[in-house]
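Asks: Kindly generate the corresponding structure for this input.
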Amino acid sequence: MKSVVLCRVSSKEQEETGYSLGAQEKFLNSYREKQGFQLTKLFSISESASGRKQRELFDQMISFVKSNEIKIIICEKVDRLTRNFKDMVMIDEWLEEDENRQVHLVKDSLIMHKNSRSQEKLNWGIRILFAKNYVDNLSEEVKKGQKEKISQGWLPTKPPPGYRTVGESGHKEHIVDDKTASLAKKMFDLYATGNYSIIRLTETMYQEGLRTETGNRVQKSRIGSLLSDPFYVGKNRWNGQITEGKQEHLITDEVFDKVQEILKGKNTPKYSKHDYQFKGLIRCKECNGIISWETHKGIIYGHCNHYRNCTQNIWSKERETDLAIIDGLNQLKLNSPKLTEWIRKALKESHQAEIEYHQSTQVELKQQYDQIQNRLDRLFDEKIDGNLEDSFYKRKLTQYTEEKEAILKTMKNHSDSSDIYRQKCLDVYDLAQNASSSYLNGNPDQKHELINLVFENLKLNQGKLSYSYTKHFGLLYKAVQATNSSKVAKTTPQDTILFELGKKNAESDKNGRILTIRPTWLPRVDSNHGHPPYKCPQLSKRLGLSHLLRLISSKKESGV
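Replies: Alright, predicted model coming up:
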């Protein structure tokens with residue numbers, strides 16, 4: 001008579017103490033041979049299989065015995081065959097359909113069939129009840145351990161790419177993985193540019209070397225899940241709740257927030273077979289529709305799709321548009337190399353007021369932080385003494401904790417600003433002086449980002465490109481044009497000493513040629529030499545480039 005054999009181990013401990021799949025198979029085959037049954041198929045369920053996979057294997061076995069007219073199922077014990085009432089019902093229904101069908105539970109000395117005695121059915125039901133209780137208890141203990149792990153600040157599962165697990169069982173922690181951390185950072189940085197769809201990012205990260213633990217491609221659904229995982233900013237998400245974690249931050253809050261904004265936005269980048277250089281950047285001047293790009297005989301053209309009865313009918317070559325962009329970038333460059341370096345030095349030394357502002361703000365924030373911490377300490381003491389109701393305590397605890405976190409974040413921002421304020425301004429200035437060469441040497445993504453950074457209102461009108469500069473680069477353009485047209489820009493080589501900072505002749509000639517460009521680039525000193533109330537810096541001919549704090553507030557350079 002044909003039969004199937006089912007082997008199952010539920011944990012590594014069982015396998016290590018003699019309950020391995022191999023040992024079960026040997027035991028059950030020995031029983032089968034003594035009974036004279038023919039083995040049709042062996043089903044094995046390992047401890048490493050997920051609950052869903054185990055369910056699938058069990059369903060496959062039932063389907064197999066039904067479709068192949070197999071009468072005998074051989075298993076070690078009840079809890080190896082089933083641990084829930086749903087499977088029990090399936091087995092009972094299978095037995096009731098044919099009185100020749102049997103389930104042999106060898107170690108339980110139990111053979112179930114359609115005409116089993118009531119005592120045997122009671123034995124069968126009780127054993128399933130105990131098996132289910134074992135599973136429920138095991139699940140309860142696992143959840144208890146996971147909850148404790150979360151309370152300690154650690155995620156009770158494998159960390160995402162960029163981290164690895166260290167430590168012994170029960171004391172495992174997650175640390176940054178030097179092998180994959182750079183890939184995780186790049187994944188976030190690329191998506192934060194707004195130039196990547198999930199599909200394109202998935203392909204790019206595969207080319208960069210991102211793989212699963214088994215060496216396979218990371219699927220797009222997994223990439224999307226990783227981009228929204230707060231684990232990278234020190235928070236653990238478990239069972240729909242987010243708690244503070246102890247792992248090191250791999251991604252900054254600013255980049256993570258930007259990524260979430262793009263993921264949830266209506267203009268999330270979509271996949272396209274052709275990624276044209278000016279795709280999505282230029283609109284029709286007449287109808288304001290997005291310019292479409294096509295390739296004909298190896299040449300790329302841009303044209304309007306005639307939205308709202310538009311009359312534009314001239315197609316523009318991509319190369320001509322490219323040249324117009326390069327010309328616009330060249331308009332930001334100073335003509336005199338000597339003057340360029342002098343202004344760079346002046347900018348580098350003209351930010352003391354801003355630095356002092358950040359330092360004084362840090363002192364005030366520290367005082368606010370200490371005040372909040374004292375309130376938390378008093379709140380805790382009152383709770384210990386039994387003077388507060390739970391609802392009031394929880395509400396104030398949440399309030400003070402949120403205020404404390406907000407202050408810490410602001411302190412960090414001011415600390416960073418104090419360190420990078422001067423460098424940001426220099427980066428802006430240097431970018432403007434090298435923009436055209438950076439554009440010519442950049443890859444398509446870098447060009448796209450540079451265009452977004454410098455230009456706005458890019459329009460095509462009968463094949464001709466028009467544009468305006470973004471706010472800060474527009475003011476920079478005016479300063480450059482004013483300087484290039486002044487007499488200072490035509491200074492001869494023997495006059496270059498006038499542009500060396502700190503020289504006595506430069507100081508004594510402040511009312512001469514240097515003053516000609518000072519209002520354009522550097523801040524004037526107010527008659528009141530004290531520091532004015534702090535305001536968000538702007539760039540103008542009076543305040544100068546030295547007061548430009550946030551040129552690249554939402555766009556970050558990618559090697560441009």
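
Asks: in stretch 303-320, what counts as buried?
Replies: For stretch 303-320, burial by neighbour count (16 or more other C-beta atoms under 10 Å) applies to His303, Cys304, Gln312, Trp315, Ser316, Glu318. For every residue, glycine as well, the C-beta is placed using N, CA and C.

Asks: what's the most distant pair in those?
Replies: Gln312 and Glu318 (16.6 Å; C-beta to C-beta).

Asks: Let's test this: mean pLDDT of stretch 160-180, rounded?
Replies: The average of the pLDDT scores along stretch 160-180 is 87.

Asks: how long is it end to end?
Replies: This stretch, stretch 160-180, spans 10 Å end to end (C-alpha to C-alpha, to the nearest Å).

Asks: Buried residues, that stretch. List them.
Replies: Buried, per 16+ other C-beta under 10 Å, within stretch 160-180: Pro160, Pro161, Gly162, Tyr163, Arg164, Glu173, His174, Val176, Asp177, Thr180.

Asks: Angles on the backbone of the closest residue to the fifth one other than its chain neighbours, please.
Replies: Pointing back at Arg164 there. In space, and not counting its chain neighbours, Arg164 is closest to Asp177: 4.0 Å by C-beta to C-beta, 6 or more residues apart in numbering. Taking degrees, to the nearest 10, you get phi -100, psi 110 for the backbone angles of Asp177.

Asks: can you give me the strands for the stretch 1-150 of the chain?
Replies: For the stretch 1-150 of the chain, the strands defined by DSSP state E, counting those that start in this stretch cover 2-8, 38-45, 72-75, 102-105, 110-113.

Asks: what about the nearest residue to Tyr196 once chain neighbours are set aside, how many residues close to it?
Replies: Counting by C-beta to C-beta, 6+ apart, Leu190 is the residue found nearest to Tyr196 once chain neighbours are left out, at 5.3 Å. Applying other C-beta atoms under 10 Å, we find 19 residues neighbouring Leu190.

Asks: What count of nearby residues applies to Ser225?
Replies: With other C-beta under 10 Å as criterion, Ser225 counts 12.

Asks: right, I mislabeled it, should have said Glu213
Replies: 7.

Asks: again with the one 10 residues further on
Replies: Ile223: 21 surrounding residues under other C-beta under 10 Å.

Asks: Same check on Leu263?
Replies: Counted with other C-beta under 10 Å, Leu263 comes out at 13.

Asks: can you pull the contacts of it?
Replies: Gly224, Leu227, Ser228 (C-beta atoms under 8 Å, 6 or more residues apart in numbering).

Asks: now it, what's its secondary structure?
Replies: The local conformation at Leu263, judged by DSSP: H, G, I helix; E, B strand; the rest coil, is helix.

Asks: confidence score at it?
Replies: Predicted confidence (pLDDT) for Leu263: 88.

Asks: Minimum distance to Ile199: which of the strands of the stretch 1-150 of the chain has it?
Replies: Closest among these, using C-beta to C-beta: strand 38-45, at 36.1 Å.

Asks: and the angle from the closest one to strand 2-8?
Replies: 20 degrees (axes from the mean of the first three to the mean of the last three C-alpha atoms, to 10 degrees).

Asks: in the stretch 451-560 of the chain, which ranges drop under the pLDDT threshold?
Replies: Applying pLDDT under 70 to the stretch 451-560 of the chain flags residues 486-560.

Asks: I meant to write the chain there.
Replies: Using pLDDT under 70, the chain drops low at 10-19, 47-51, 83, 170, 266-275, 307, 338-358, 413-430, 486-560.
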